[in-house]
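Visitor: Sequence and predicted model, in that order:
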2 protein chains.
Amino acid sequence: MANISERSPDEAVSVLSENAEQRNDLNFCQACSVRNRAICADLDDHEVELLNGIGRRRHLDPGETLLWEGEEAIFVANVVSGVMKLSTQTSDGREQILGLAYPSDFIGRPFGETSPYSADALGEVVVCVFRRMDFERFAHEHPRLERKLLERTLSELDKTRRWMLLLGRLNAEERLATLLLEIFSRNTAPMCGYASPQDNDHFELPMSRQQIADILGLTIETVSRQFTKFRDEGVIAMSGRRRVTVRRREVLEALAK
Amino acid sequence: MANISERSPDEAVSVLSENAEQRNDLNFCQACSVRNRAICADLDDHEVELLNGIGRRRHLDPGETLLWEGEEAIFVANVVSGVMKLSTQTSDGREQILGLAYPSDFIGRPFGETSPYSADALGEVVVCVFRRMDFERFAHEHPRLERKLLERTLSELDKTRRWMLLLGRLNAEERLATLLLEIFSRNTAPMCGYASPQDNDHFELPMSRQQIADILGLTIETVSRQFTKFRDEGVIAMSGRRRVTVRRREVLEALAK
DNA sequence: TGCAGTCTTTGAGGCAGATCAAATTGGTTC
DNA sequence: GAACCAATTTGATCTGCCTCAAAGACTGCA
């Protein structure tokens, strides 16, 4: 199933526009754009070098899957650039997106037999992949990393629980407002490393209407109608299908609970 | 706000029916009913003794709150007996229950400034409370505990994500079936420590219809109608409002996705 | 520049679950 | 065991979102 065991740092780096990362593939950590924000941030140079030795850069095409729900959990990874979606399915095929992973986010399930979700690339993605076993061993030997992983997992849990409020209690309008603000803040965050950092008030949606619907627990039609509504009300403006300009941020903020 | 800083191990122990725990309050860990399943399971005798020194037993009455959402995160705790609910609210007062904490479950937010949720007792509850700072220091010094906390947090995250599928994609019938099975399995699990361990096929609901509605993201009326439906179909039987007998488990299992 | 294919928007209608209102029940107290 | 109160159930109606269907608009490619 999982067909990503080949090492392909070269091809991975080749799609990056950041020059610093094209130097070589033997110590890419040092030039990594998420080096200071990812789970490896607290490690010293020596530790980074060791980590570098067990990790591999990998490029994912849009739609490509890194982890399959229910499959053996072979890999863990850091997102370097692009956005990935984490999703799960009911036995009869309904999909629920569990969250998005942005640059510097950690994905995978350490200390678990099987992957609790599928992880696939929304657009072009570069990840830093570790064999789960290697990563676990490294974490054992380097408490700082383990600690960092704990802190990340705790805040991931907080974030996930906040999302439960959205799925359980918010209406379609409030849900879309919440998502737009989240993407907005992720894109305008300093040094976010995602695609081309956007200035001030507009950004590119990293996913299709259908994917937005899956994230929000709605249908594509309902999502589309809400976009139209926001546009008609002058809350946002759109050019093309994915470029959004936020015109009245305060309206979105009042809606996002 | 948080008014639980007084130490009250005596009163806490007094409400327990388990004789072993009534001995004294100086080393209650040794006699603790969740000793082998809680986060402290991997600690050796010496470590348990140290942990014992910083923790306090505390009794909570039904409805009493241990943690307030948004307040400073002063405490973390283990549930010893009873069931607690973790919940969050929208700014306009809609509540969403984030999960239930059963005996041996860990609650609170280590390494965080404020509590991301409220935690209150559904019925009579006994918890083992630690000041967050004390607990964090202890965790730092005892990697086995930190490791255990990491593992727990990771599986809590898995559980929470599975719940997102319920809130995002399941209908009322499927939601109630899922909850009934969860409570059922928690109650019949060996050594569960909750109230009176139930035999075979019937159990006591630890919460009201309104609370079930909040957990499932439904209204009380819809929950009530689903109970009636399950009863009419012979899937469950009820005596009183809270005692449930599961008659056709396979029907519930087919519904729970 | 035109065509094909896919994604998105729009429209019409239906339905699950919400809302509002009233009746019933179970549990508690005296 | 009667009376009271809160919790629950039941009924009637409404509505937000879903479903189904079709038109429209981007994108890539020849």
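Guide: Received the coordinates, thanks. Quantities reported herein were computed from a predicted structural model and do not represent experimental measurements.
Visitor: Run through the residues that contact whichever residue of the stretch 51-200 of chain A sits closest to chain B.
Guide: Closest to chain B within the stretch 51-200 of chain A is A:Gly168: 3.3 Å, counting by Cβ to the nearest Cβ. Where you see a C-beta, it was placed from the backbone N, CA and C, and this is true even at glycine. By Cβ atoms under 8 Å, 6 or more residues apart in numbering or on different chains, the contact list for A:Gly168 reads B:96, B:167, B:217.
Visitor: Can you pull the phi/psi pair for it?
Guide: Dihedral pair for A:Gly168: phi -90, psi -30, per degrees, to the nearest 10.
Visitor: next one: A:Ser81
Guide: Recorded main-chain torsions at A:Ser81 are phi -150, psi 160, according to degrees, to the nearest 10.
Visitor: which SS state does the closest residue to A:Val80 other than its chain neighbours fall under?
Guide: Closest residue to A:Val80 apart from its sequence neighbours, by Cβ to Cβ, 6 or more residues apart in numbering or on different chains: A:Val126 at 4.2 Å. For A:Val126, the assignment made with DSSP: H, G, I helix; E, B strand; the rest coil gives strand.
Visitor: pLDDT value on A:Val126, please?
Guide: We have a pLDDT of 92 for A:Val126.
Visitor: Quick one: neighbours of it, just the number.
Guide: The local packing of A:Val126 (other Cβ atoms under 10 Å in any protein chain shown) involves 25 other residues.
Visitor: what's the following helix or strand after the one helix or strand A:Thr228 maps to?
Guide: Using DSSP states H and E, A:Thr228 sits in helix A:220-232. Using DSSP H and E, the next helix or strand after helix A:220-232 towards the C-terminus is strand A:236-239.
Visitor: Now find how far off-centre that next one is within its chain.
Guide: Centre-to-centre, strand A:236-239 and its host chain are 24 Å apart (Cα atoms, centre = their mean, to the nearest Å).
Visitor: Would you mind listing the outside residues contacting that strand?
Guide: For strand A:236-239, the external contacting residues (Cβ under 8 Å, 6+ apart) are A:180, A:227, A:230-231, A:244-248.
Visitor: what's the average pLDDT for it?
Guide: Across strand A:236-239, the average pLDDT comes to 92.
Visitor: ok, the following helix or strand past it: who's next to it in the sheet?
Guide: Next helix or strand after strand A:236-239 toward the C-terminus (DSSP H and E): strand A:243-246. Applying DSSP bridges, strand A:243-246 is found paired with strand A:202-204 (antiparallel), strand A:236-239 (antiparallel).
Visitor: Mind listing what's buried along the first one?
Guide: Taking 16 or more other Cβ atoms under 10 Å in any protein chain shown as the basis for neighbour counts, the residues of strand A:202-204 that come out buried are A:202-203.
Visitor: go on, the longest one?
Guide: For strand A:236-239, a neighbour-count test (16+ other Cβ under 10 Å) marks A:Ile236 as buried.
Visitor: residues from the stretch 51-200 of chain A in reach of chain B?
Guide: Residues of the stretch 51-200 of chain A lying near chain B by Cβ under 8 Å from any Cβ of the partner chain: A:86, A:88, A:90-92, A:94-96, A:98-99, A:109-112, A:116-117, A:143, A:146-147, A:149-151, A:153-158, A:160-165, A:167-170.
Visitor: Okay, and which of those map to helices?
Guide: Within these, residues falling in helices by DSSP state H are A:143, A:146-147, A:149-151, A:153-158, A:160-165, A:167-169.
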